[in-house]
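*Asks:* Pasted the sequence and its predicted model underneath.
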Amino acid sequence: MASSFVGTIAYWPPERFNYANTNTKYGIRADVWSLGITLMEIILGRLPYLYHNSFDKHEGQHVDYGFVIQYYIVKTNFVEVIERYIKPKYSPVLCEILELCTRKLEERPKLGYLESTK
């Protein structure tokens, strides 16, 4: 388990933004989340929460994009992103893996479960 705050914020899972509990530890499930986000980024050509939400409304404004990204990571309905943009073109197995990867921490599987997905 790790407790440091390193890495690229764009791939952090929502639980990493729980600043109320600074002793929060994270483990392999954070990496599972990052895997799902990375796969969706490859498929969509941009981060899935940016694909689904628009930064255009912030154009010309001074915005701290770290907080905007944090907001989108926490608020984006990834099941909807998968259903609308990925499912029509990709296999049900891949869509299932993406959905598993982007579940809330308590429901997100560890890597071993993903490896057994067929």
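*Replies:* Perfect, thanks for sending it. Residues are numbered from 1 along each chain as shown.

*Asks:* Which other helices and strands does the helix or strand containing residue 68 contact?
*Replies:* Per DSSP states H and E, residue 68 falls inside helix 65-75. With contacts taken as 3 or more C-beta pairs under 8 Å, 6 or more residues apart in numbering; DSSP states H and E, helix 65-75 sits against helix 48-52. Backbone N, C-alpha and C define where each C-beta goes, glycine included.

*Asks:* Quick one, grab the pLDDT at the residue most central in space within the chain.
*Replies:* Computing the C-alpha centroid of the chain and ranking residues by C-alpha atoms, centre = their mean puts residue 37 first, at 4.5 Å. Per-residue pLDDT puts residue 37 at 97.

*Asks:* dump the residue contacts of it.
*Replies:* By C-beta atoms under 8 Å, 6 or more residues apart in numbering, the contact set of residue 37 is 10, 11, 47, 48, 101, 102.

*Asks:* that older thread, helices or strands up against the helix or strand just after the helix holding residue 68?
*Replies:* Later in the chain than helix 65-75, the nearest helix or strand by DSSP H and E is helix 78-81. Counting contacts by 3+ C-beta pairs under 8 Å, 6+ apart, helix 78-81 packs against helix 28-44, helix 48-52, helix 92-101.

*Asks:* Residue 42 and residue 68, how far apart?
*Replies:* To residue 68, residue 42 is 22 Å away according to C-beta to C-beta, to the nearest Å.

*Asks:* I should have written residue 100 there, sorry.
*Replies:* Separation of residue 100 from residue 68 (C-beta to C-beta): 26 Å.
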